[in-house]
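S.K.: what follows is a predicted protein model with its sequence.
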Amino acid sequence: MFTEYLHPASVEEAFRTLQKLGTRARLVAGGTDLTVHPPADVTTLVDLSRTGLGGITADDTGFHIGALTTLTDVLDYSPFADIWSGVIPTMLAQVASPLHRNAASIGGHLARGRLSDVVPVLLSVDARISFFDGGHHHMPLADFYSTRKNRTRLVVTGVHLERDTGRAAFRKFARTTYDLAILNVACAIRLEGDVVSWARVVVGERPALAVELSEASSVLVGHRLDAATIGRASEKAMETVEVRNDPRASADYRRHLTRVLVRRCLTETTGEEVYV
Ligand SMILES: Cc1cc2nc3c(=O)[nH]c(=O)nc-3n(C[C@H](O)[C@H](O)[C@H](O)COP(=O)(O)OP(=O)(O)OC[C@H]3O[C@@H](n4cnc5c(N)ncnc54)[C@H](O)[C@@H]3O)c2cc1C
């Protein structure tokens, strides 16, 4: 049960509080996750709202999204409609409900990691994350997830997106509009002429933290993005994806979905109309 609510005035103070109180303290941002799944042993919530981590800023190189920015504010930030084929607002419109997005923060979402539509898309566009764990760090999101397993003991401070982008697409397969995905896929590509020069194929809700399927991405590079290449990449994605059973779906079904959603995402990046 939560019995104490603290309001640190800086990121450093929030981190010191976490360190001092140990596992009985948790950071809180939007609180959407913590209220639905309150951790049994946590008594103290450390509110980040006075740490100045909100808002989106832009410069010549790209965009910085502060950790406390709500998913609604990211969705409504109009420059994101012009980068990566508008995949960020397209994806965010499929996250839970508008009410939920009004409270949920991007930092809380990324610290949590799992059960996410946001993570596959941000991994596919090579987003970077910044965080504080006694020192300030800035690294690719993929490295953050592979090196920082205990993310409840650090403060996520923001996300960075480059301005120089390519094309991208996202597909979520869920039982209902508001449900979590049974599987989701994000693809991003850059072209030189009509040849793919860079690609990311990312699969999430396998059900595990999203990962890039690097062999499927490699199939694309150096080739025209035609039906044959897309077919080979989606077959490779299905062969190499690691999936498992859970109450939502079987591993076999997830494998099948991987091939279908990768094909749809890649086809969408060609500008062709795709059946949803
Ligand atoms: C009913 C429901 C439906 C959902 N549907 C979807 C969906 O369809 N698609 C999807 O992608 N997601 C979905 N989600 C996930 C949702 O988007 C996340 O719960 C939300 O983004 C978390 O953000 P928050 O600010 O509310 O986090 P909080 O609840 O405040 O915190 C979540 C966790 O992150 C930690 N934390 C918070 N801020 C930080 C920080 N800056 N640094 C480090 N740690 C931090 C907290 O200590 C806690 O452990 C759903 C969640 C719920 C409860």
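M.R.: Noted; the coordinates are in hand. The model shown is predicted, which means the values in this text are computed figures rather than measured ones.
S.K.: give me every residue that touches whatever residue of the stretch 151-276 of the chain ends up closest to the ligand.
M.R.: Closest to the ligand within the stretch 151-276 of the chain is residue 156: 3.5 Å, counting by Cβ to the nearest ligand atom. Where you see a C-beta, it was placed from the backbone N, CA and C, and this is true even at glycine. Residue 156 sits next to 67, 107, 108, 110, 111, 129, 130, 131 when contact means Cβ atoms under 8 Å, 6 or more residues apart in numbering.
S.K.: and the two most separated of those residues?
M.R.: 108 and 130 (14.9 Å; Cβ to Cβ).
S.K.: and the two? Which one has more around it.
M.R.: Ranked by neighbour count (other Cβ atoms under 10 Å), residue 108 and residue 130 place residue 108 first, with 23 against 19.
S.K.: leaving out the residues flanking it, which one is nearest to residue 246?
M.R.: Excluding its sequence neighbours, the residue lying closest to residue 246 (Cβ to Cβ, 6 or more residues apart in numbering) is residue 207, at 5.1 Å.
S.K.: what do you get for residue 249?
M.R.: Leaving aside its chain neighbours, residue 249 sits nearest to residue 182 (4.6 Å; criterion: Cβ to Cβ, 6+ apart).
S.K.: also residue 115?
M.R.: residue 180 (5.4 Å).
S.K.: from what I see, residue 79 and residue 63 are in contact.
M.R.: Yes - between residue 79 and residue 63 there is a contact under Cβ atoms under 8 Å: 7.0 Å.
S.K.: so for those two, which residue has more residues nearby?
M.R.: More neighbours surround residue 63 than the other of residue 79 and residue 63, with 21 against 12 (other Cβ under 10 Å).
S.K.: give me every residue that touches that one.
M.R.: 56, 57, 77, 79, 80, 83, 160, 161, 163.
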